[in-house]
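**Student:** Pasting the sequence and the predicted model now:
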Amino acid sequence: MLTAIFSLLLATSIVDYKPPVNYEISLAGNFGEPRPNHFHGGIDVKTGGVEGKQILSIADGYVSMVTIGIGGFGNAVYVAHPDGKTSVYCHLKRFSPRIEALVRRWQYRNQQAEGEMHFHPYDCLVSQGQMIAISGNTGSSQAPHLHLELHDTKTWNMLDPLDVLKEYVHDGMPPMAHGFMAYPKAGEGVFCGNFGKSAYGFSSKNLTRLFTAWGKVGFGIWANDYMEITYNHYGIRKTVLTVDGKEVYSSDVNNIPVQYNMMINSWGDYEHFLRYRVWYMKSFVEPGNRLPCIKTDENLGWVTFDQEREYQVVYTLTDFAGNSSQYSFIVEGRKQAIKEKSVNDPNNVIRWNRTNTISLPDMQMVIPQGYIGDEVELKPVVSDRQDAQSRCYSFMNQSYPLFSWAEINIRPTKRVKDTSKLYVVCDNGTQKYSGGEYKDGWVKGRVRELGAKYYLKEDIEPPIINPISPGGWSAHKRIVISITDKGSGVKSYKAFIDGQFVLFERVGKTQWLECKLAETPIKRTNGDHKLRVVASDNRNNVREYKTIIRY
């Protein structure tokens, strides 16, 4: 019967999408908003600031995957739909009973609490409007809400959920621009006497101030969208820049490949955001930026002011509902001298269109072609650390993320007993494990943030396992422990009662892990049972904890 239903479901590509909640949708965030290192990949549906709201499947389909503790999603359900899309529901408190049963079966079969849990199409068919979960605040969520994503199932490109749910979200307000930024091209342009970038506010939609420029200049815009029923602000769906009526740039924030997520730092003015927490989105394209949602003219969006006349510059902003607004200003072409481009140190320059190898004493780093947006000059510093097994390396004096993970190799400068215990530390204010494969005298790790510090540390201490349950564990229905590691970090853990695997799950956003004994295969005898917990870290140091519980 299930196979027949599933076949019927797949036979049609017509899918009726409805809201994921049974009340009016109010958004805390929309699709494609610029964030550091990523686009906001979905919409944030408000749940009234509380957990416990019913989450509904937005269309017919089947549960293809459930994830727990992966990335920042917390508890998440993936539903594949017959039109080739997959909806993802994140930060959930718990799953529906049917999905929960599938999850429990997977957890006990694989003897792990967290991971990616893949299911067959016939395991769990769902209908549009069927309750699949209860809303929560798990993962990297800062407050209770539902984060809803929509993906192309085949490519996994990120899609705007409002394309299928727009009729259920009320928005009659057009986007609003707050200012624009001018970016004279180094050695080739000047704007209002400035050779560096400069910002200007939109005091009105049609600025009367006359701006001046000569040579090549790019522009960027700071703008937000708004809706009537909430105070939140949102990203802009469509932006068009015209000069004298000719389109030089446009963007439509949709259908974004997940592997291009980090390119948001190239499109947006990441440096400005770090200082002022405001995104200016560039209306020109750095050569290494391959985002398909951006279109430019043959000049990559750069505007050439080479005539002594007035140029009409117009921005048109449009939201998902079709509300639109225009902002304009006039730039007078005024011939003037242009400052020569400063020359970078060729030994420290890395380029977007080639593989870059950086060598420092006892360190080598390889940054493949296409991992940065444009040419950049590194500011390498080598220093000593008393608490490290190598020298310490930094490459930039401020944050500069790569588009993907690059490789770093560091040679230890201190003697260690066991080289397998060495690992690479990424220190960006917090020390994080960043790989540690030892071979031929070098330790290989991963680099994505050039503004961090990298060095080797040795981890010979296993994780620490502590009981948390107050008053001891005698006759308790639940067991709570904490597992922490001061070195490379906890990699895995398992727990057994009387030799049989039992599930420990994370308590909220804490380091605590909880086992609800009534939900385990262990039968209550009101007698003693042997508990054994085994935990390992990323350098394979293992701790075993044993005790007696009464249950």
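**Tutor:** Yep, that arrived. Computed from a predicted model, the values in this text were never measured in an experiment.

**Student:** what's the spacing between the one helix or strand K216 maps to and its chain's center?
**Tutor:** When secondary structure is defined by DSSP states H and E, K216 falls within strand 206-226. Here strand 206-226 shows a centroid-to-chain-centroid distance of 30 Å under the convention C-alpha atoms, centre = their mean, to the nearest Å.

**Student:** Which strands border that strand, and is each parallel or antiparallel?
**Tutor:** Applying DSSP bridges to the sheet, strand 206-226 is found paired with strand 176-191 (antiparallel), strand 233-234 (antiparallel), strand 281-282 (antiparallel), strand 303-305 (antiparallel), strand 324-333 (parallel).

**Student:** Which parts of the stretch 51-200 of the chain are strands?
**Tutor:** With DSSP state E, counting those that start in this stretch applied, the stretch 51-200 of the chain shows strands at 54-56, 61-68, 75-80, 85-95, 115-118, 125-126, 131-135, 145-152, 158-159, 176-191, 198-201, listed in chain order.

**Student:** what's H272 sitting at in phi/psi?
**Tutor:** When read as degrees, to the nearest 10, the backbone of H272 gives phi -70, psi -40.

**Student:** Which residues are in contact with it?
**Tutor:** For H272, the set of contacting residues under the criterion of C-beta atoms under 8 Å, 6 or more residues apart in numbering consists of 181, 197, 278-280. C-betas here are computed from N, CA, C, even on glycine.

**Student:** Compute the distance between E116 and I55, please.
**Tutor:** Look at E116 and I55: by C-beta to C-beta, to the nearest Å, they are 20 Å apart.

**Student:** circling back to that earlier point, if we go by neighbour counts, what in the strand holding K216 is buried?
**Tutor:** 207, 211, 213-226 (16 or more other C-beta atoms under 10 Å).

**Student:** returning to that earlier point: more neighbours: E116 and I55, which one.
**Tutor:** More crowded of E116 and I55, by other C-beta atoms under 10 Å: I55, with 26 against 13.

**Student:** pretty sure the more buried one is touching A133, no?
**Tutor:** Yes - judged on C-beta atoms under 8 Å, I55 makes contact with A133 at a distance of 4.3 Å.

**Student:** if I look at those two, which residues touch both of them?
**Tutor:** 77, 89, 92.

**Student:** Can you tell me which of those residues are buried?
**Tutor:** Buried residues within the shared contacts of I55 and A133, counting neighbours by 16+ other C-beta under 10 Å: 77, 89, 92.

**Student:** Just send these back as CSV, with pLDDT too.
**Tutor:** Formatted as CSV, these follow (pLDDT from 0 to 100):
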residue, pLDDT
V77, 98
Y89, 98
L92, 97
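
**Student:** Among those, which one sits closest to G268?
**Tutor:** For these, the closest approach to G268 (C-beta to C-beta) belongs to Y89, at 27.5 Å.

**Student:** For the closest residue to the closest one other than its chain neighbours, give me its contacts.
**Tutor:** Excluding its sequence neighbours, the residue lying closest to Y89 (C-beta to C-beta, 6 or more residues apart in numbering) is V77, at 4.8 Å. Taking C-beta under 8 Å, 6+ apart, we find V77 in contact with 55, 63, 65-66, 88-89, 92, 95, 99, 132-133.

**Student:** The residues you listed: which two are farthest apart?
**Tutor:** For these, with distances taken as C-beta to C-beta, the pair at the greatest spread is I55 and M65 (15.7 Å).

**Student:** Could I get the buried residue list for the longest helix along the chain?
**Tutor:** With DSSP state H setting the assignment, residue counts place helix 97-110 as the longest helix in the chain. Neighbour-count burial for helix 97-110 flags 98-99, 102-103, 106-107 (criterion: 16+ other C-beta under 10 Å).

**Student:** Stretch 502-515 too?
**Tutor:** 502-506, 512-515.

**Student:** Relative to S140, which of the residues you listed is nearest.
**Tutor:** Proximity of the buried residues of stretch 502-515 to S140, judged by C-beta to C-beta, is greatest for R506, which lies at 13.3 Å.

**Student:** Could you check how far the closest one is from T138?
**Tutor:** Plainly put, R506 is 8 Å away from T138 if you go by C-beta to C-beta.

**Student:** now the helices for the protein?
**Tutor:** Counting by DSSP H, the chain forms helices over residues 2-10, 97-110, 162-165, 264-267, 270-276, given from the N-terminal end onward.

**Student:** Low-confidence ranges, this structure, go.
**Tutor:** Using pLDDT under 70 as the threshold, the predicted model of the chain has low-confidence ranges 1-13, 470-476.

**Student:** ok, and the closest non-adjacent residue to G288?
**Tutor:** The shortest distance from G288 to any non-neighbouring residue, by C-beta to C-beta, 6+ apart, is to W352 (3.3 Å).

**Student:** show me what contacts the one you found?
**Tutor:** For W352, the contacting residues are 286-288, 369-375, taking C-beta under 8 Å, 6+ apart as the criterion.

**Student:** please redo it, this time with the cut-off set to 6 Å
**Tutor:** Shown in contact with W352 (C-beta atoms under 6 Å, 6 or more residues apart in numbering): 287-288, 372, 374.

**Student:** Is there a quick ChimeraX command that grabs whichever of those are buried?
**Tutor:** Buried residues within those, as defined by 16+ other C-beta under 10 Å, are selected in ChimeraX through the command that follows:
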select :288,372
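
**Student:** which of the contacts of W352 sit farthest apart?
**Tutor:** Within these, P287 and I372 form the most distant pair, 9.8 Å apart (C-beta to C-beta).

**Student:** From K432, how far out is the closest residue to P257 other than its chain neighbours?
**Tutor:** Take P257 and drop its neighbours on the chain: the residue closest to it by C-beta to C-beta, 6+ apart is N157, 5.3 Å away. Distance from N157 to K432, counting by C-beta to C-beta: 29 Å.

**Student:** Who has more neighbours out of the two?
**Tutor:** A count of neighbours by other C-beta under 10 Å puts N157 above the other of N157 and K432, at 17 against 14.

**Student:** show me the contacts for the residue nearest to D362 when sequence neighbours are not counted.
**Tutor:** Ranked by C-beta to C-beta, 6+ apart and with sequence neighbours excluded, the top spatial neighbour of D362 is R411, at 4.0 Å. Residues in contact with R411 (C-beta under 6 Å, 6+ apart) are 362, 441-442.

**Student:** Quick one: buried ones out of those residues?
**Tutor:** Among these, those buried by neighbour count (16+ other C-beta under 10 Å) are 362, 442.

**Student:** Run through the residues that contact E228.
**Tutor:** If you count contacts by C-beta under 6 Å, 6+ apart, E228 has them with M173.
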